[in-house]
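K.L.:
coordinates only, sequence not included:
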């Protein structure tokens, strides 16, 4: 558990050079799959932190009652603990989606093909060397923010419920 907390203390930008050389050695540069591993690795510590806090607050009596009813470990997880974790899972999904949607540096370093570039890197292309059309940049930024704002508005209740669910131990 402490290793994952240590992962929260390491700035992700410190991993750029080793990550680039590793992806280059594997031949994965210019591949969208090469972005998957840094995104998962950077989101994993927060996900573990939130789920650990959530599962710590679930009373042991619930597990004992399930065992008395003849529930096995897998069935107990699927039918009791996983449904109780829906707020935390949705919070992790939303926070990860927002983080990945806005991520710039990994995509800029690993992807060089213009057809595979992510949205934030593509928005950089609107800035010129000597001049910039600020109206076009503002319009593109507004349009690119609309999907994530809609997701946040629709899921804000779940984010609040998930953040609070592991906050207090009774």
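P.N.:
Received the coordinates, thanks. Since we're looking at a predicted model, the values are computed, not measured.
K.L.:
Would you map the helices across the chain?
P.N.:
With DSSP state H as the criterion, the chain has helices at 2-9, 16-26, 33-56, 60-68, 73-76, 82-84, 86-102, 105-110, 119-124, 134-165.
K.L.:
From the contact counts, what lies against the last one?
P.N.:
It refers to helix 134-165. If you count contacts as 3 or more CB pairs under 8 Å, 6 or more residues apart in numbering; DSSP states H and E, helix 134-165 packs onto helix 33-56, helix 86-102, helix 119-124. For every residue, glycine as well, the C-beta is placed using N, CA and C.
K.L.:
how close does residue 15 get to residue 68?
P.N.:
To residue 68, residue 15 is 47 Å away according to CB to CB, to the nearest Å.
K.L.:
Compare neighbour counts for those two and give me the winner.
P.N.:
Legend: neighbour count by other CB atoms under 10 Å for residue 15 and residue 68, higher for residue 15 (15 against 8).
K.L.:
Number of residues surrounding the residue nearest to residue 30 when sequence neighbours are not counted?
P.N.:
In space, and not counting its chain neighbours, residue 30 is closest to residue 113: 5.0 Å by CB to CB, 6 or more residues apart in numbering. For residue 113, the neighbour count with other CB under 10 Å is 10.
K.L.:
What does the pLDDT read for residue 113?
P.N.:
Among the per-residue scores, residue 113 shows a pLDDT of 91.
K.L.:
nearest spatial neighbour of the residue nearest in space to the middle of the chain, skipping sequence neighbours?
P.N.:
In the chain, the residue lying closest to the centroid (CA atoms, centre = their mean) is residue 96, at 2.0 Å. Leaving aside its chain neighbours, residue 96 sits nearest to residue 43 (4.6 Å; criterion: CB to CB, 6+ apart).
K.L.:
residues contacting that neighbour?
P.N.:
92, 95-96, 99-100 (CB atoms under 8 Å, 6 or more residues apart in numbering).
K.L.:
which one of those has the most neighbours?
P.N.:
Neighbour-wise, these (other CB under 10 Å) top out at residue 92, 22 neighbours.
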